[in-house]
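Asker: No sequence on hand, only this structure:
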């Protein structure tokens, strides 16, 4: 017997909303979180816009102790703790008692690079010979597993507590890993998510690669254009998303609310073979990843109502849609509805998958399919595969029952999850 796995709590710290209520409103009302960034202009970036969560109104003392806040200079860690703690509270779960850890609860919380600003601060102090002034938290703020370690201690989790890192696939992969652990009976519940830092030291490399839009600095909200013929590159973003995954048995015993059930999932790599490279996906692997998730879910492809794609607003968007069509053997008006949240938040890199998984499940709660923005000029190669009606420009009052969510990342790595509305 394998456990059924459901989602019982969620938290989010996104460019267009901190907290589930604000984030849901922004998605369904198509409110963008992409803004002009003064510091990028001062540093002569070609792309001077980004998606960055507004945490200025957040009381960090609700999430950190005064000791933890002292010298804290790692934005991704802050975003992750906000999203993670909010998800735990949303699930109605208590903190573990002080003496004993909660052996049945664990954490898989990923990131790409953590604490870059703290690391830069440390480099200057080391080079100046001021090693003793680094402070006692510089290591935990800059190690990748700092986010899972912080949350593990705050929540008292005694099961597996770890950090994964798979570029833009990180967040969705964390959900898959947590799902598999619960399904196999190795944990009752897992906090899964991912986070990513803000700032020029994260985004600079992408600006140098010339894959960010350069002509929208005066019109930030129009810059991120998934599935559009005029897409000019992805807008960099940051933030965090978190989901509490739990065995159905545990959730029912607690009387917990359930956002959705995970029916199947898959992760794989294209091995950077064939057309796959460090930065481009191997379509064969993408198709196999989707098909394997559908196979594990024991569903027919035509049962999928919505696809929430990776769809970054680059030249690879048409290829992704073509891969979905081949994987599901569906096209035209038979193709599911498809959307991308990156038009509103940008590409949040390591945090993208988890933020988008939260948005995906919110469509069950809202009984809606969230619309796409900035794609009035749908790429003609996409229209050869999908009927235009399946790419909604506005939020639709249609209640989805099955949604496929996928992420594809640098390194030719893939992850796909099939969510079902729990009834």
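Answerer: Yes, it's here. Fair warning: this is a prediction, and the values are worked out from it, not measured in the lab.
Asker: all strands of this structure, in order?
Answerer: Here the chain has its strands, by DSSP state E, at 5-14, 17-18, 34-36, 49-51, 105-111, 161-162, 189-196, 239-247, 260-269, 306-308, 337-339, 402-409, 413-420.
Asker: same for the third one, what does it pack against?
Answerer: In this structure, strand 34-36 packs against strand 49-51, with contacts taken as 3 or more C-beta pairs under 8 Å, 6 or more residues apart in numbering; DSSP states H and E. Placement of C-beta: from N, CA and C, glycine included.
Asker: what mean pLDDT does the strand it packs on have?
Answerer: With pLDDT averaged residue by residue, strand 49-51 scores 98.
Asker: ok, and what's touching it?
Answerer: Taking contacts as C-beta atoms under 8 Å, 6 or more residues apart in numbering, the residues outside strand 49-51 that touch it are 14-16, 33-37, 40, 198, 203, 213, 216-217, 220, 223-224, 235-239, 345-346, 348.
Asker: if we go to 7 Å?
Answerer: 15, 33-37, 40, 203, 216-217, 220, 223, 235-238, 345-346, 348 (C-beta atoms under 7 Å, 6 or more residues apart in numbering).
Asker: Repeat that for stretch 349-356.
Answerer: Contact with stretch 349-356 is made by 12, 14, 110-112, 167-174, 193-196, 237-243, 308, 341, 345, 348, 405, 407, 415, as judged by C-beta under 7 Å, 6+ apart.
Asker: Enumerate the positions of that stretch that are buried.
Answerer: Buried positions in stretch 349-356, judged by neighbour count with 16 or more other C-beta atoms under 10 Å: 349-356.
Asker: tell me the contacts of the residue located most distally from the centre of the chain?
Answerer: Of all residues in the chain, the one whose C-alpha sits farthest from the chain's mean C-alpha position, using C-alpha atoms, centre = their mean, is residue 129 at 39.0 Å. For residue 129, the set of contacting residues under the criterion of C-beta under 7 Å, 6+ apart is empty.
Asker: Spatially nearest residue to residue 71 (excluding sequence neighbours)?
Answerer: Nearest in space to residue 71, with sequence neighbours left out and distances taken as C-beta to C-beta, 6 or more residues apart in numbering, is residue 135 at 4.6 Å.
Asker: and the gap between the one you found and residue 80?
Answerer: Between residue 135 and residue 80 the computed distance is 20 Å (C-beta to C-beta, to the nearest Å).
Asker: Tell me which of the strands of the chain sits most buried.
Answerer: strand 189-196 (a mean of 34; mean count of other C-beta atoms under 10 Å).
Asker: what angle do it and strand 239-247 make?
Answerer: 170 degrees (axes from the mean of the first three to the mean of the last three C-alpha atoms, to 10 degrees).
Asker: list the helices and strands strand 189-196 packs on?
Answerer: On a contact count with 3 or more C-beta pairs under 7 Å, 6 or more residues apart in numbering; DSSP states H and E, strand 189-196 meets helix 75-90, strand 105-111, helix 170-183, strand 239-247, helix 352-366.
Asker: and if we set it to 8 Å?
Answerer: Under the contact definition 3+ C-beta pairs under 8 Å, 6+ apart, strand 189-196 sits against strand 5-14, helix 75-90, strand 105-111, helix 146-155, helix 170-183, strand 239-247, helix 352-366.
Asker: Between those, which one is closest to residue 384.
Answerer: Closest approach to residue 384 among the helices and strands packed on strand 189-196 is made by helix 352-366 (25.6 Å; C-beta to C-beta).
Asker: What's the end-to-end length of stretch 102-113?
Answerer: Its first and final residues considered, stretch 102-113 spans 28 Å by C-alpha to C-alpha, to the nearest Å.
Asker: pLDDT of it, averaged?
Answerer: Regarding stretch 102-113, the rounded mean pLDDT is 97.
Asker: Likewise for stretch 378-387?
Answerer: Taken as a whole, stretch 378-387 has a mean pLDDT of 98.
Asker: What are the buried residues along it?
Answerer: When burial is assessed from 16+ other C-beta under 10 Å, stretch 378-387 yields the following buried residues: 378-379, 382, 385-386.
Asker: ok, now stretch 212-231?
Answerer: Counting neighbours by 16+ other C-beta under 10 Å, stretch 212-231 gives 212-213, 216-217, 220-229, 231 as buried.
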